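Student: 3D, please:
(one chain, ligands or ions: 1)
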Amino acid sequence: MSDAILRASLRGKTILVTGAARRIGRSIALRLAAEGARVAIHYNGSKQEAERTAADCGGADLFQANLESVSEIERMFLDIDQRLGGLDGLVNNAARFTHFDPLTITEADWDFIHNVNLKAVFFCCKEAAIRMKARGAGRIVNISSLGGIRPWADHAHYCASKAGVIMLTKALAKAWAPQISVNSVAPGVIPFGEQDAPEVAAMIRATPAGRPGSGAELADAVVYFLESPSFITGQVLAVDGGLSLR
Ligand SMILES: NC(=O)c1ccc[n+]([C@@H]2O[C@H](COP(=O)([O-])OP(=O)(O)OC[C@H]3O[C@@H](n4cnc5c(N)ncnc54)[C@H](OP(=O)(O)O)[C@@H]3O)[C@@H](O)[C@H]2O)c1
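Tutor: Numbers count the residues shown, from 1 in each chain. Below is the predicted model of the structure:
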């Protein structure tokens, strides 16, 4: 059987993208809408940008939630049930990124990162999977990071959170097979105007592809997993121009 027959179209599928107002999340939302999906745009603080993304997606529905709070996550999924009548796909994209010296980081700093980058990813997966199990199928894509594969000295807390996302992806893929596939896309350097920052510029110089990546390239990998048969599950695809090979 050819891939063309096996791969499912996204046309008419309801897919939630977290942190979809700006940057990579916006690129993913725009691409899914272009594929004919019914995109649910989640945002937290970026209301205006979210409204613009929703309009650019052809009038997508908007869902506001602070993902640090599990009760807000549960409320958002109930809202999606009521307004969209269920969910076929979830893209966990929302995250935080900070620099902290591991010798001075506080408990609050640690929770600031892990509550969004790891705890919220788990609880969004859980809420989505309950609904997908009831429908008999679903696709989850967790956006991790090159920082979950390679250690970055000033970002131990972030690297740990993203390595957690990668292991969560594998464990949940095993837990929820065969109905639900769970995969991860690990971005390398995808700058939105920060190319000139010394740390970012150094990473771009070290990238074998010789350039940074784009939101559109990330979105391409997300679409791949959303359209894939459930036989492809628990996988991590680095979209990093080869930087993880260094
Ligand atoms: N850009 C890169 O080079 C790069 C590299 C490696 C990995 N990644 C990963 O790729 C994904 C997207 O990257 P990005 O650079 O586009 O991300 P970003 O702009 O830093 O963040 C994406 C969105 O996350 C949302 N968010 C943050 N805290 C939240 C909270 N408490 N509740 C709900 N939403 C919250 C924000 O929504 P609001 O703006 O609405 O508040 C924000 O717009 C992230 O998972 C990131 O870790 C990116």
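Student: separation between the spatially most central residue of the chain and residue 19?
Tutor: Central residue of the chain (C-alpha atoms, centre = their mean): residue 93, 2.7 Å from the mean position. From residue 93 over to residue 19 the distance is 5 Å, taken as C-beta to C-beta, to the nearest Å. Glycine gets a C-beta too; all of them are placed from N, C-alpha and C.
Student: shared neighbours, these two?
Tutor: When contacts are counted by C-beta atoms under 8 Å, 6 or more residues apart in numbering, residue 93 and residue 19 are jointly contacted by residue 25.
Student: Hmm, the residue nearest to the centre of the chain is touching residue 22, no?
Tutor: No. Look at residue 93 against residue 22 with C-beta atoms under 8 Å: they stay out of range, at 10.4 Å.
Student: any residues touching the longest helix seen in the chain, and which ones?
Tutor: The longest helix of the chain (DSSP state H) is helix 156-176. Where contact means C-beta under 8 Å, 6+ apart, the residues beyond helix 156-176 that reach it are 92, 95, 97-98, 100, 102, 105, 109-110, 113-114, 117-118, 121-122, 125, 129, 132-133, 140, 142-145, 147-152, 181-184, 186, 233-236.
Student: could you give the mean pLDDT of it?
Tutor: Mean pLDDT, computed over helix 156-176, is 98.
Student: tell me, which of the contacts of helix 156-176 make contact with the ligand?
Tutor: 95, 97, 143, 145 (C-beta under 6 Å from any ligand atom).
Student: I'd like the distance from stretch 163-177 to the chain centre, please.
Tutor: Put simply, stretch 163-177 sits 14 Å off its chain's centre (C-alpha atoms, centre = their mean, to the nearest Å).
Student: List the buried residues in it.
Tutor: Residues 163-166, 168-170, 172-173, 176 are the ones in stretch 163-177 that count as buried (16 or more other C-beta atoms under 10 Å).
Student: Up against the ligand, what does the protein have?
Tutor: 19, 21-25, 43-46, 66-68, 93-97, 116, 143, 145-146, 187, 189-190.
Student: where does residue 89 fall, phi/psi-wise?
Tutor: phi -150, psi 150 (degrees, to the nearest 10).
Student: Could you list the low-confidence segments of this protein?
Tutor: In the predicted model, the chain carries pLDDT under 70 at residues 1-6.
Student: Report the secondary structure element holding residue 140.
Tutor: strand 138-143 (DSSP states H and E).
Student: what's that strand packed up against?
Tutor: strand 89-92, helix 120-135, helix 156-176, strand 180-187, helix 215-227 (3 or more C-beta pairs under 8 Å, 6 or more residues apart in numbering; DSSP states H and E).
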